[in-house]
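>>> Model the following, please.
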Amino acid sequence: MSARPDMIARIRAKLPPAPEAGRRAAVDERLARHPRNLIPARGTGDEAHRIRLFTEMMVAVGGTVTVLDDVNDVPAAVADYLRNGNLPAHVRRGADPVLARLPWHRGGAIEVVEGRAHESDRASMTRAFAGVAESGTIIQISGPENPTTLNFLPEAHIVMLEASQLFGSYEEVWTKLRGVMGEGSMPRTVNMISGPSRTADIEQTIVRPAHGPKNMHVIIVTGC
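Modelled structure (predicted):
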């Protein structure tokens, strides 16, 4: 027996016997009810309030936000962001059908390629599953439409978020996710991203990046 199983066996031997059936029933009952935790009041409000709060929270952690009325203006906004950030006119996206239908010719000479992120990619673009206004957080689920590598590998991460999918709280997002995936099913990964990658582990000094993109830009579209 290796050290780990031996240690676990010794811990279990010291624990009092527990009614396993009762514990399982308690867990099943809680999962079936989907109880909500405390919901901060700051996320409560109309769409304009949620956009203002999300923007405030995202900017506070080093991200940037653009708000558009027309989804067809997204390619031009992406091109502007790349140009202003001195980044190549090249962006990689997943197979998301909404991103694929965008009029990318309006972005001028920008080159848009599809697939998982490559080490050489400087910028990526994804479409958010949802957003959380209370904390300025983007919710991404894994899959070919928006590969997880796009969230973490490139230097700059550009996210398109429909205003209709910007919720006040996390609990509303989980309700939506269960509705999309079905009871008892979840995607392989759910990423909750609040701004660019950063750390303050050394002397409490913020350093970017740490384990993901140095920059994050969210394009909120109200006309979707």
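>>> got the CA coordinates for the helix or strand of the chain with the lowest mean pLDDT in PDB?
Within the chain, no helix or strand scores below helix 20-33, which has a mean of 80 by mean pLDDT, DSSP states H and E. What follows is helix 20-33 as a C-alpha-only set of coordinates in PDB (Å, rounded to 0.1, in the frame of the first residue of the first chain):
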ATOM      1  CA  GLU A  20     -24.000   6.800   4.500                       C
ATOM      2  CA  ALA A  21     -27.500   6.500   3.200                       C
ATOM      3  CA  GLY A  22     -28.600   9.600   5.200                       C
ATOM      4  CA  ARG A  23     -25.600  11.600   3.900                       C
ATOM      5  CA  ARG A  24     -26.300  10.700   0.300                       C
ATOM      6  CA  ALA A  25     -30.000  11.600   0.700                       C
ATOM      7  CA  ALA A  26     -29.100  15.000   2.100                       C
ATOM      8  CA  VAL A  27     -26.700  15.700  -0.800                       C
ATOM      9  CA  ASP A  28     -29.300  14.600  -3.400                       C
ATOM     10  CA  GLU A  29     -32.000  16.700  -1.800                       C
ATOM     11  CA  ARG A  30     -29.800  19.800  -1.800                       C
ATOM     12  CA  LEU A  31     -28.800  19.300  -5.400                       C
ATOM     13  CA  ALA A  32     -32.400  18.900  -6.400                       C
ATOM     14  CA  ARG A  33     -33.500  22.100  -4.700                       C
END
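>>> Next secondary structure element downstream of that helix?
Using DSSP states H and E, the helix or strand that follows helix 20-33 in sequence is helix 47-60.
>>> Need the mean per-residue confidence for that next one.
Taken as a whole, helix 47-60 has a mean pLDDT of 97.
>>> Stretch 71-80 now?
Rounded mean pLDDT across stretch 71-80 is 97.
>>> chain center to it: distance?
20 Å (Cα atoms, centre = their mean, to the nearest Å).
>>> which parts of that stretch are buried?
Buried residues in stretch 71-80, defined by neighbour count with 16 or more other Cβ atoms under 10 Å: 71, 73-79. (Each C-beta comes from the backbone N, C-alpha and C, glycine too.)
>>> what about Ala48, distance to Ile220?
Per Cβ to Cβ, to the nearest Å, Ala48 is found 11 Å from Ile220.
>>> make that Arg122, sorry
For Arg122, the distance to Ile220 - Cβ to Cβ - is 23 Å.
>>> Looking at these two now, which is surrounded by more residues?
A count of neighbours by other Cβ atoms under 10 Å puts Ile220 above the other of Arg122 and Ile220, at 24 against 16.
>>> Could I get the phi/psi values of the more buried one?
Here is the backbone geometry of Ile220 (degrees, to the nearest 10): phi -90, psi 130.
>>> where does this protein have low pLDDT?
1, 18, 198-210 (pLDDT under 70).
>>> In it, what residue spans correspond to helices?
Counting by DSSP state H, the chain has helices at residues 3-14, 20-33, 47-60, 74-84, 97-100, 149-152, 170-181.
>>> count of residues packed around the residue nearest to Glu162 when sequence neighbours are not counted?
Nearest in space to Glu162, with sequence neighbours left out and distances taken as Cβ to Cβ, 6 or more residues apart in numbering, is Cys224 at 4.1 Å. Per other Cβ under 10 Å, the neighbour tally for Cys224 reads 16.
>>> Please consider this matter closed, and thank you.
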